[in-house]
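Undergrad: whatever this is, show me its structure:
(one chain, ligands or ions: 1)
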Amino acid sequence: MEVMDNTTTSFVESSNLSLLDKFQSFSWLQILISFLVIAITYDQIKYQIYKGNIVGPKYKIWPFIGPFLESLDPKFEEYKDKWYSGPLSCVSIFHKFVVIASDTQLARKIFQSPSFVKPCVVDVAVKILRPTNWVFLDGKAHVDYRKGLNPLFTKKALEDYIPEQEKVMDKYLEKFVEVSKGNPIPFFPEFREYMCAISLRTFCGDYITEEQIKMIADNYYKVTAALELVNFPIIIPYTKTWYGKVIADKSMKIFEKCATMCKKEILNGKKPNCVMDAWVLSMYQSNGEIKLNEGEEEIKAKVRLFSDREISEAIFTFLFASQDASSSLCCWLFQLISDRPEIAQKIREEQLRIRNGNPNLPLTSELIDKMEYTNMVVRETLRYRPPVIMVPYVAKKAYPITDNYTVPKGAMIIPSVYPALHDPEVYENPDEFLPERWVEGSSAWEAKKNWLVFGTGTHVCLGQTYVMMSFTALIGKACMFTDFKHKITPLSEEIKVFATIFPKDDLILEFSKRDPTTIE
Ligand code: HEM
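TA: Numbers count the residues shown, from 1 in each chain. Coordinates of the predicted model:
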């Protein structure tokens, strides 16, 4: 036994030695190359396994990084190529495997599979929006939280916010004329500022000052830039993500102070006129500190008393969710109408008719309800140029999306909404802008399953009713009180992707005042 042991030991030692010798005889360069070859092979094999039978590049042309460089400057045409390459397609960037669903049924299925998927945010979003933020909740915790927020954006709640919103609309329509009369300018930044101003007034009422709104409006684009899909996950001072975090923190500090003021005012009996008021009132009514008025409906979802900090984080998510998408809608709405004067004329005719010829009749939810044609124009703009073209989700576990394909755990899975909204089976001549297609009972109207502009399922957009009402009201007033002329350039119809989609030339417009009692 002993002999055998010794022999075995010396054999192992000698073979170890020769291995070590061999290893030492390699140059560092050879070792590095061997590692690279193994890593590239592993990366390519993993890609092939994940890809399975769906459409995608045969192999990763750029090892490891994949099409990373292209994704830094995303092109709408490249997205479109991907959508129309197959119902499910894929791409791999660094270690991230991404599955894109362009088929309407599959896109809906993803939105409606909360047990398999959850919204995917870039790593840095958790740092910018803070880990405690409600948007990162999943499952029952998310559903319960949403129940407390949903009543803040119903038609009934929105009625209380309309008077303050109308003041912002009037102020900005004057400003649009002031800044561009006789001198057409790019309206992309103007509309982003307007959207920020109207959102912040709606969310925070009078608690937020004009200077604070201006500071946030001037800087918010830094948050958008920091949260682009492809971004460096660590926050290094003076980089894009750092600037984004600074602005997010400053904004949340402002909202926190607004929440403190709001709580005092509501306890003093203030009638709600903004989202924060309505939310805080529901908290005090839930805990019994404020009694319900006679005839007032019992609160369906009991809401606990949130701290000022928690309120500030939630308000920031409303801004975050609304700012880019609403700015996109605003740009396309004005561009599409100014290029089609007959549509502006029809809107004016409707606006004056429902107001019995008085253009100065204040906005109410009843009045907005009567703006049927104007509403159809907003709806068609959302279909023709959906602001959010796709919504990134992540697979929490292996997700058998079809009989033949399972999305691997941890992969990003992106339902795309554009193909559903341009489906020729449902929308005849989908690449034409035709508000009339939305008359009640039409095939477009009936095809609810294709209407994915605001997503669907547990994460469906909180602000969709708000969007429809406030844009219908805005464009109605804009058509009555102003003429807006579009300076068409070769880039006007081209699409730039900056979180959402915009005309590539930033929309050059000139506004002037007009007599609101006339139609021509
Ligand atoms: C044109 C404007 C807008 C568009 C196109 C839009 C679209 C969307 C889409 C596609 C989603 C993802 C839905 C899903 O995953 O199923 C979403 C989520 C959301 N939207 Fe909007 N949105 C708009 C404006 C707004 C506004 C004004 C608000 C204001 C509060 C808002 C608040 C939210 C929130 C909070 C979520 C996340 C909901 C959750 O995770 O539960 N959005 N939106």
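Undergrad: for this protein, what's the longest helix?
TA: Counting by DSSP state H, the longest helix found in the chain is helix 308-338.
Undergrad: centre of the chain to that helix, how far?
TA: Put simply, helix 308-338 sits 8 Å off its chain's centre (Cα atoms, centre = their mean, to the nearest Å).
Undergrad: excluding chain neighbours, what is closest to Val117?
TA: Computed as Cβ to Cβ, 6 or more residues apart in numbering, the closest residue to Val117 that is not its neighbour in sequence is Tyr393, at 4.2 Å. Yep, even glycine has a C-beta here, placed from its N, CA and C like the rest.
Undergrad: give me the phi and psi for that neighbour.
TA: phi -120, psi 170 (degrees, to the nearest 10).
Undergrad: wouldn't it be in contact with Lys118 here?
TA: Yes - using Cβ atoms under 8 Å, Tyr393 is in contact with Lys118, at 6.5 Å.
Undergrad: which residues in the stretch 401-520 of the chain form helices?
TA: 418-421, 443-446, 464-481 (DSSP state H, counting those that start in this stretch).
Undergrad: least reliable of the ones you listed by average pLDDT, please.
TA: The minimum mean pLDDT among these belongs to helix 443-446 (a mean of 94).
Undergrad: can you name the residues in contact with it?
TA: Here helix 443-446 makes contact (Cβ atoms under 8 Å, 6 or more residues apart in numbering) with Arg383, Val426, Tyr427, Glu428, Arg437, Trp438, Val439.
Undergrad: let me know the next secondary structure element after the longest helix of the chain.
TA: With elements assigned by DSSP states H and E, the helix or strand that comes after helix 308-338 is helix 341-354.
Undergrad: which strands and helices sit next to that next one?
TA: Judged by 3 or more Cβ pairs under 8 Å, 6 or more residues apart in numbering; DSSP states H and E, the packing partners of helix 341-354 are helix 308-338, helix 372-384, helix 464-481.
Undergrad: try 7 Å
TA: helix 372-384, helix 464-481 (3 or more Cβ pairs under 7 Å, 6 or more residues apart in numbering; DSSP states H and E).
Undergrad: right, and the ones you listed - which one's nearest the ligand?
TA: Of all those, it is helix 464-481 that lies closest to the ligand, at 4.4 Å by Cβ to the nearest ligand atom.
Undergrad: is that closest one positioned near the ligand?
TA: Yes - on the criterion Cβ under 6 Å from any ligand atom, helix 464-481 is in touch with the ligand at Tyr466, Val467.
Undergrad: hang on, the earlier thing: which one, of the helices of the stretch 401-520 of the chain, ends up nearest to Phe153?
TA: Set against Phe153 and scored by Cβ to Cβ, the helices of the stretch 401-520 of the chain come closest in helix 464-481, at 5.2 Å.
Undergrad: just the buried positions in the closest one, please.
TA: 465-481 (16 or more other Cβ atoms under 10 Å).
Undergrad: that older thread, more neighbours, Tyr393 and Lys118?
TA: Neighbour count, other Cβ atoms under 10 Å: between Tyr393 and Lys118, Tyr393 has more, with 25 against 19.
Undergrad: pretty sure the more buried one contacts Phe116?
TA: No - using Cβ atoms under 7 Å, Tyr393 makes no contact with Phe116, being 8.9 Å away.
Undergrad: so this structure: which segments form each domain?
TA: 42-102, 123-410+434-513 (automatic domain parsing).
Undergrad: any idea which of those scores lowest on pLDDT?
TA: domain 42-102 (a mean of 86).
Undergrad: any part of that domain near the ligand?
TA: No - Domain 42-102 does not reach the ligand (Cβ under 6 Å from any ligand atom); its nearest approach is 12.9 Å.
Undergrad: kindly report the same for stretch 415-432.
TA: No - Stretch 415-432 stays clear of the ligand (Cβ under 6 Å from any ligand atom), getting no nearer than 6.7 Å.
Undergrad: any residues touching that stretch, and which ones?
TA: 83, 100-102, 104, 107, 110-111, 383, 386, 388-391, 393, 437, 443-444, 447, 450, 452-453 (Cβ atoms under 7 Å, 6 or more residues apart in numbering).
Undergrad: possible to save the helices and strands packed on helix 341-354 as CSV with distance to Gln48?
TA: As requested, the helices and strands packed on helix 341-354 are arranged in CSV below (distance: least, Cβ to Cβ, whole Å):
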stretch, distance to Gln48
helix 372-384, 38
helix 464-481, 41
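Undergrad: those: which one's closest to Ala141?
TA: Between these, helix 464-481 lies closest to Ala141; by Cβ to Cβ that is 22.4 Å.
Undergrad: and the closest one, what does it pack against?
TA: Short answer (3+ Cβ pairs under 7 Å, 6+ apart): helix 464-481 packs on helix 155-180, helix 308-338, helix 341-354, helix 365-369, helix 372-384.
Undergrad: could you find the closest non-adjacent residue to the residue of the stretch 51-200 of the chain found nearest the ligand?
TA: For the stretch 51-200 of the chain and the ligand, the shortest gap (Cβ to the nearest ligand atom) falls at Phe111, measuring 4.7 Å. Leaving aside its chain neighbours, Phe111 sits nearest to Gly457 (4.2 Å; criterion: Cβ to Cβ, 6+ apart).
Undergrad: quick check: phi and psi on the one you found?
TA: phi 100, psi -160.
Undergrad: isn't it right up against Lys109?
TA: No - if you go by Cβ under 7 Å, Gly457 and Lys109 don't touch, sitting 9.6 Å apart.
Undergrad: the two: which is more packed in?
TA: Comparing Gly457 with Lys109 by other Cβ under 10 Å, the one with more neighbours is Lys109, at 18 against 14.
Undergrad: give the other helices and strands that the strand or helix carrying that one contacts.
TA: If you go by DSSP H and E, Lys109 is part of helix 104-111. Helices and strands touching helix 104-111, by 3+ Cβ pairs under 7 Å, 6+ apart, are strand 412-415, helix 418-421.
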